[in-house]
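*Asks:* Let's see this in three dimensions:
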Amino acid sequence: MKKTILLLMSVQFFVYLGFGIIIPVLPEVVVQQGYSDIHVGGLITIYALSSFFTAPLWGRLSDQTGRKKLILAGLAGFGLSFFLFSLFLDHLVLLYASRVIGGLFSGALYTAVTGYVADITTDEERNKYMGLLGMSIGLGFIFGPAIGGVLGAVSLSLPFTASAVLVLLLMVYASLVLKEPVRQGEAVKRKLLPKGGSLLWHYRIRYLFLFSFAVTFLLAGLESTFQLFQIDQIEITPLQLGYLFMASGFVDAAIQGGVVRRVKDGTETKWIIGAQIVTAIGLLMLPFTDSLLFAGVALNVFTAGNALARTVLVSLTSKESGGKYGTAAGMTYSMDNMGRIIGPLFFTWLLTIQSGSVYYLSASLALLSILLIVLYRGSAKTLKNQ
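*Replies:* All right, here's what the predicted structure looks like:
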């Protein structure tokens, strides 16, 4: 089973590596081809939309046709999307088509892989192995921008060609190693609104859901605008951006692995409020960027605050869910996705109008979101004793 789990971890790693690899390259493509800056947000948003809204369909298909077939089809389609992007950098419509295809098949891979793990593990083992998949996703996010920046310094198409080749090689290996598992349950369908989710909105946990949206909304906004802004400020290159995002990825991992363990039960809201203040400070620093070092410091300050808020929020939401962990996690996932869908398009549009002052608005929103935590603390309508 170890060989199978490692392969499934590799699949998740490459899916999210593919998402991260585009971060330092896409803005450069848009600038060099003379497209409007808003297309950076559009190309990120269309990927998230395609993945999110087709996931329930892929989940049903996975249950009907089998996990292995869908994993192989997902890898083939995902690889195709990279080839398409690398070949048609100067055709905007085909760039959007490649992102739609990539989003579609990343949704297929997520549902099939999680369904496969559910089939081959016991209840006692499942959290452990789902956690390993989550770690693979995190590593993909950390190394994706760095690899994209390094390869993008050679050629803007190279990161996508290299990714396509690796994904297709992984597909060949998967076809040889994977066996169709004995079905034990259903795939994770990632519904827009999880069953029973509406009930949770009658309790104070709703403020945590809204806060989750705000945190991801700001993160997606920074990811989509950071390079465009820094190109104007310090003429940042994809390679430099890749290194900055890799460094911020390690900051994110350090926060989740180290600082969060110091959060004592009952103090979560204080840590979250502090985290949002740190997030706002990082955002307020960005308009004053005058060097690569300063840009890196500002990005890491933002990342530290954002990572702390996200991680502590997950813990607090699970405690507040009154045992409805799965439903609460599904609702949090939905709100996160709304932030990742709306954020890039909104903030890149705003950047074209206001340039650096977009970060003043972002910082203000970070501080305003603290009000949601205040409202949460002030409400007595809890699920904890339900």
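*Asks:* element containing residue 377, please.
*Replies:* Under the criterion of DSSP states H and E, residue 377 resides in helix 370-378.
*Asks:* quick one: average pLDDT of that helix?
*Replies:* Helix 370-378 carries an average pLDDT of 95.
*Asks:* from here on, count from 45
*Replies:* Sure thing, new numbering starts at 45, so read that last one as helix 414-422.
*Asks:* can you pull the contacts of residue 76?
*Replies:* Applying C-beta atoms under 8 Å, 6 or more residues apart in numbering to residue 76 gives the contacts residue 200. For every residue, glycine as well, the C-beta is placed using N, CA and C.
*Asks:* any residues touching the helix holding residue 421, and which ones?
*Replies:* Under the criterion C-beta under 8 Å, 6+ apart, residues 248, 249, 251, 252, 254, 255, 258, 313, 316, 317, 320, 321 lie in contact with helix 414-422.
*Asks:* now do 6 Å
*Replies:* For helix 414-422, contacts defined as C-beta atoms under 6 Å, 6 or more residues apart in numbering pick out 248, 251, 254, 255, 313, 316, 317, 320.
*Asks:* Dihedrals phi and psi, residue 79?
*Replies:* According to degrees, to the nearest 10, the main-chain angles of residue 79 amount to phi -80, psi 160.
*Asks:* among the contacts of helix 414-422, which are in helices?
*Replies:* Cross-referencing those against helices under DSSP state H gives 251, 254, 255, 313, 316, 317, 320.
*Asks:* that older thread, using PDB, list the CA coordinates for the helix holding residue 421.
*Replies:* Once non-C-alpha atoms are left out, helix 414-422 reads as follows in PDB (Å, rounded to 0.1, in the frame of the first residue of the first chain):
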ATOM      1  CA  ILE A 414     -11.700  41.400  12.900                       C
ATOM      2  CA  LEU A 415     -15.300  42.600  13.500                       C
ATOM      3  CA  LEU A 416     -16.500  39.100  12.500                       C
ATOM      4  CA  ILE A 417     -14.400  37.600  15.300                       C
ATOM      5  CA  VAL A 418     -15.700  40.200  17.800                       C
ATOM      6  CA  LEU A 419     -19.300  39.300  16.700                       C
ATOM      7  CA  TYR A 420     -18.400  35.600  17.100                       C
ATOM      8  CA  ARG A 421     -17.200  36.200  20.700                       C
ATOM      9  CA  GLY A 422     -20.200  38.300  21.500                       C
END
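*Asks:* list the buried ones in it?
*Replies:* Using 16 or more other C-beta atoms under 10 Å as the test for burial, helix 414-422 gives 414, 416, 417, 420.
*Asks:* With neighbour count, distance to residue 114 and pLDDT added, can I get the contacts of helix 414-422 in CSV?
*Replies:* Written out in CSV, the entries for the contacts of helix 414-422 read as follows (neighbours: other C-beta atoms under 10 Å; distance: C-beta to C-beta, whole Å; pLDDT from 0 to 100):
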residue, neighbour count, distance to residue 114, pLDDT
248, 18, 39, 91
251, 20, 37, 95
254, 17, 34, 95
255, 26, 34, 96
313, 17, 41, 93
316, 27, 38, 95
317, 16, 43, 96
320, 27, 39, 97
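*Asks:* Name the nearest of the buried residues of helix 414-422 relative to residue 83.
*Replies:* residue 416 (31.8 Å; C-beta to C-beta).
*Asks:* From residue 426, how far out is that closest one?
*Replies:* As defined by C-beta to C-beta, to the nearest Å, residue 416 lies at a distance of 15 Å from residue 426.
*Asks:* Understood, closing this out.
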